[in-house]
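**Q** Attaching a predicted model along with its sequence, questions to come.
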Amino acid sequence: MQALEVMQRKVVTVTAEASIDEAVRLMILHRIGSLPVLEAAGFLVGILCQSDLVRRIELGTGARA
């Protein structure tokens, strides 16, 4: 099996300036576990995934310094 066989053609993305709430809503709405994050010019700057949202300093689950 190749990536082409399982990939999505209509990719849902979020901008780097989007709130986490907005990103979570998009993930729930589209039933996806990750979102490409784009800068204003449309270049990829990262991928936001569900596991990124679980490890948060506010919850005491973030990385320790």
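**A** Thanks, I have the structure now. Numbering: from 1, shown residues only.
**Q** Run through the bridge partners of the residue nearest to Ala40 when sequence neighbours are not counted.
**A** What sits nearest to Ala40 in space, not counting adjacent residues and going by CB to CB, 6 or more residues apart in numbering, is Thr15, at 7.1 Å. C-beta: built from backbone N, CA, C; applies to glycine. Counting by DSSP bridges, Thr15 forms beta bridges with Leu38.
**Q** contact partners of stretch 37-51?
**A** The contact list for stretch 37-51 (CB atoms under 8 Å, 6 or more residues apart in numbering) reads Thr13, Val14, Thr15, Ala16, Glu17, Ala18, Ala23, Met27, Gly33, Ser34, Leu35, Pro36.
**Q** In PyMOL, how would I select the buried members of those residues?
**A** Of the contacts of stretch 37-51, the buried ones go into a single PyMOL selection, burial set by 16 or more other CB atoms under 10 Å:
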select buried, resi 14+18+23+27+35
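**Q** on that earlier part again, which ones are touching the residue nearest to Ala40?
**A** Contacts of Thr15 (CB under 8 Å, 6+ apart): Val37, Leu38, Glu39, Ala40.
**Q** which one of these is nearest Leu53?
**A** Using CB to CB, Val37 is the member of these that lies nearest Leu53, at 12.9 Å.
**Q** returning to that earlier point: of the contacts of Thr15, keep whichever come out buried.
**A** Taking 16+ other CB under 10 Å as the criterion, what is buried in the contacts of Thr15 is Val37, Leu38.
**Q** how near is Val37 to Val6?
**A** From Val37 across to Val6, the span is 21 Å (CB to CB, to the nearest Å).
**Q** Buried ones in the host helix or strand of Leu29, by neighbour count?
**A** Element membership for Leu29, per DSSP states H and E: helix 20-30. Using 16+ other CB under 10 Å as the burial criterion, the residues of helix 20-30 that qualify are Ala23, Leu26, Met27.
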